[in-house]
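Colleague: What shape does this take:
(one chain, ligands or ions: 2)
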Amino acid sequence: MREFGYERVLDVSGAVAVLGADPEARFLGGGTNLVDLMKAGVERPARLVDVRELPLDRIESTPDGGLRIGATVTNSDLAAHPEVRLRYPALSQAVLAGASGQLRNMATVGGNLLQRTRCGYFTDVTKACNKRVPGSGCPAVEGEHRNAAVFGASEHCVAVHPSDMGVALAAFDAVVTYETVDGPGELALSDFYLAVGDTPHRETALPAGALITGVVLPPAPVAARSRYRKVRERASYAFAIGSAAVALDVRDGVVHDVRLAFGAVASRPWRARAAESALLGGPATGEAFAAAADAELAAASPLPQNGYKVPLLRNLVVAMLTELAESDQEAGR
Ligand SMILES: Cc1cc2nc3c(=O)[nH]c(=O)nc-3n(C[C@H](O)[C@H](O)[C@H](O)COP(=O)(O)OP(=O)(O)OC[C@H]3O[C@@H](n4cnc5c(N)ncnc54)[C@H](O)[C@@H]3O)c2cc1C
Ligand code: SF4
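Modeller: Numbers count the residues shown, from 1 in each chain. Ligands and ions are numbered 1, 2, ... in the order given. This is a model prediction of the structure:
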C-alpha cells in the first residue's frame, strides 16, 4: 500500500479546502470500501481526510415533511431511525439488507453512495479494466459477467452499482447535497450517477473535490407503504444479484401512486419509470403487475451469462406488488 497522510477535519469548509488544494487527497468516511481498495492497490491517495467528526450526523424532518439525512450518519443509525422506519420503510430494509452489522456501524451515507463496483476485474490490478485504467479494455464483456448490468451498459463497461441504500433513495427521488470550495450544490439522484458511455471511469456528476453533505428525501406519502427485497446467492453478507424497492398505494382497486426501482441491474440504481407509467391509474391486478414489469424489462439487453436477471426481476416485482396490494386490501383501502 502506498504511504499516505491522515488528518481529521472538524468543519465542512476546512474539509473542502484540503481537497481543493490537494487533488491526491480523498475523503474517508467509514473506510469500509476505500481502505479495501487501497490495500488492493486500486486506490492510491496521498492523503486521507477523515470526515466522521463533521457535524453531518443528524437525521431531521424538513419543513415540507421530508427528511434530511447527514452524510456521516452511519448505515446502522439510518436503518434504525424511527422516522425512516415509519415514513420510508424500504430505505431502512435496504440498508439492513447490506453488508454486516459491524460494517453498517462504520459505513456512512456519503461513502455508501460513492462505493465502487464489485466487478472482479476492477478490483484485480493485474487485469485490464476501463473503469480503473481508462482505455485498457473491458474483459467482463467476453469473460465473467454473471452479475453484470442488463440496463444502460456499454461495450466499455457492464458493471453494476452495488449499493442497496441507493435503490431505495432512487425510488423516493432523493437529492444529494454537497459542498465545494465554490459553495454548496445539489444533484437529484437521477442525475448523480453518469451514463456509462465510453467514460466508465467518470461515475458521478459531483464536481472534483466535492464533499457530500447529505441526502434530502422529499415528502412521499406512498413511501410509507414500501418494501425492499434483495435476491442474493447466500442468505447474508452478499451483494444483490437483483433487488427492488417498491411502494404502492391502491385506492378502490386502482393504483393511486407507485414507486419502483431496481438494484444490481445497471451502473446506477435503476428507477423503473416505464413500469410506473404502465401501472398508474390502472387496476391493481396480477396481470397489470406482470405487464408493467414486462414494459420495463423490454429495454433489458442481457449478456450470455446474465439473462437470468430478467425473469428474476419480473418475478420479484410481481410478488412485491401483489403483497403490497393485498395489504392495502386488508387495510380496507
Ligand atoms: C464485506 C462487505 C460486504 C458489503 N455488502 C454490502 C451490501 O450487501 N450492500 C451494500 O450496499 N453495500 C455493501 N457493502 C459496502 C458498504 O456498504 C460500503 O463499503 C460502505 O457503504 C461505504 O461507506 P464508507 O463510509 O465506509 O465509505 P468509505 O470507504 O470511507 O468511502 C467510500 C468512497 O466515498 C468517498 N466518501 C466518503 N464519504 C464522503 C463524503 N461525505 N463526501 C464525498 N466523498 C465521500 C471516499 O473518498 C471513497 O471514495 C459491503 C462492504 C463490505 C466490505
Ligand atoms: S465491467 Fe466495468 S468495472 Fe468490470 S472490467 Fe469492465 S470496465 Fe472494468
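
Colleague: Which parts of the stretch 51-200 of the chain are strands?
Modeller: Along the stretch 51-200 of the chain, counting by DSSP state E, counting those that start in this stretch, strands occupy 59-61, 67-70, 175-180, 183-188.

Colleague: Can you add mean pLDDT and mean neighbour count and give those strands back as a markdown table?
Modeller: Quick note: C-beta positions are derived from backbone N, CA and C, even for glycine. A markdown table is the format used below for these (pLDDT from 0 to 100; neighbours: other Cβ atoms under 10 Å):
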| stretch | mean pLDDT | mean neighbour count |
| --- | --- | --- |
| strand 59-61 | 98 | 14 |
| strand 67-70 | 98 | 23 |
| strand 175-180 | 98 | 21 |
| strand 183-188 | 98 | 14 |
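
Colleague: Quick one: those as TSV, columns for distance to ligand 2 too.
Modeller: Below are the strands of the stretch 51-200 of the chain laid out as TSV (distance: least, Cβ to the nearest ligand atom, whole Å):
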stretch	distance to ligand 2
strand 59-61	33
strand 67-70	28
strand 175-180	22
strand 183-188	22
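
Colleague: Ala15 and Asn112: what is the separation?
Modeller: Look at Ala15 and Asn112: by Cβ to Cβ, to the nearest Å, they are 18 Å apart.

Colleague: hang on, the earlier thing: would you turn the strands of the stretch 51-200 of the chain into CSV with distance to Asp164?
Modeller: Shown next, in CSV, are the strands of the stretch 51-200 of the chain (distance: least, Cβ to Cβ, whole Å):
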stretch, distance to Asp164
strand 59-61, 18
strand 67-70, 15
strand 175-180, 17
strand 183-188, 20
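
Colleague: Identify whichever of those strands lies nearest to ligand 1.
Modeller: Ligand 1 lies closest to strand 175-180 among those, at 7.1 Å (Cβ to the nearest ligand atom).

Colleague: Can you spell out which helices and strands pack onto that closest one?
Modeller: Secondary-structure packing of strand 175-180 (3 or more Cβ pairs under 8 Å, 6 or more residues apart in numbering; DSSP states H and E): helix 12-21, strand 183-188, helix 189-192, strand 211-217.

Colleague: Output the ones you listed in JSON lines; the columns should cover distance to Glu60.
Modeller: What follows is these, written out as JSON lines (distance: least, Cβ to Cβ, whole Å):
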{"stretch": "helix 12-21", "distance to Glu60": "16"}
{"stretch": "strand 183-188", "distance to Glu60": "16"}
{"stretch": "helix 189-192", "distance to Glu60": "19"}
{"stretch": "strand 211-217", "distance to Glu60": "9"}
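
Colleague: Which positions in the stretch 1-150 of the chain make contact with ligand 1?
Modeller: Proximity of the stretch 1-150 of the chain to ligand 1, by Cβ under 6 Å from any ligand atom, involves residues 26-34, 36, 51, 71, 98-99, 103, 106-108, 110-112, 114-115.

Colleague: now, which of those residues lie within helices?
Modeller: Of the positions in those, Leu34, Asp36, Leu103, Met106, Gly110, Gly111, Asn112 sit in helices, assigned by DSSP state H.

Colleague: and the gap between Cys119 and Ala148?
Modeller: Taking Cβ to Cβ, one finds Cys119 at 8 Å from Ala148.

Colleague: outside of the top helix by length along the chain, which residues touch it?
Modeller: Longest helix of the chain, by residue count under DSSP H: helix 309-330. Residues from elsewhere that reach helix 309-330 (Cβ atoms under 8 Å, 6 or more residues apart in numbering): 150, 225-227, 229, 231, 241-244, 246-250, 258, 260, 262, 264-265, 272, 275, 279, 284, 286, 289-290, 292-294, 296-297, 300, 302.

Colleague: before we move on, the earlier item: now the common contact residues for Cys119 and Ala148.
Modeller: The overlap between the contact sets of Cys119 and Ala148 (Cβ under 8 Å, 6+ apart) consists of Ala140, Ala159, Val160.

Colleague: would you turn those residues into a markdown table with pLDDT, distance to Gln93 and neighbour count?
Modeller: As requested, these are exported to a markdown table (pLDDT from 0 to 100; distance: Cβ to Cβ, whole Å; neighbours: other Cβ atoms under 10 Å):
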| residue | pLDDT | distance to Gln93 | neighbour count |
| --- | --- | --- | --- |
| Ala140 | 98 | 30 | 28 |
| Ala159 | 98 | 24 | 27 |
| Val160 | 98 | 20 | 29 |
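
Colleague: Which one of these is nearest to Leu91?
Modeller: Val160 (19.6 Å; Cβ to Cβ).

Colleague: so who does that closest one touch?
Modeller: Thr117, Cys119, Asn147, Ala148, Ala149, Gly263, Ala264, Val265, Ala266, Ser267.

Colleague: and if we set it to 10 Å?
Modeller: Contact partners of Val160, counting by Cβ atoms under 10 Å, 6 or more residues apart in numbering, are 117-119, 147-153, 239-242, 263-270, 306, 309.
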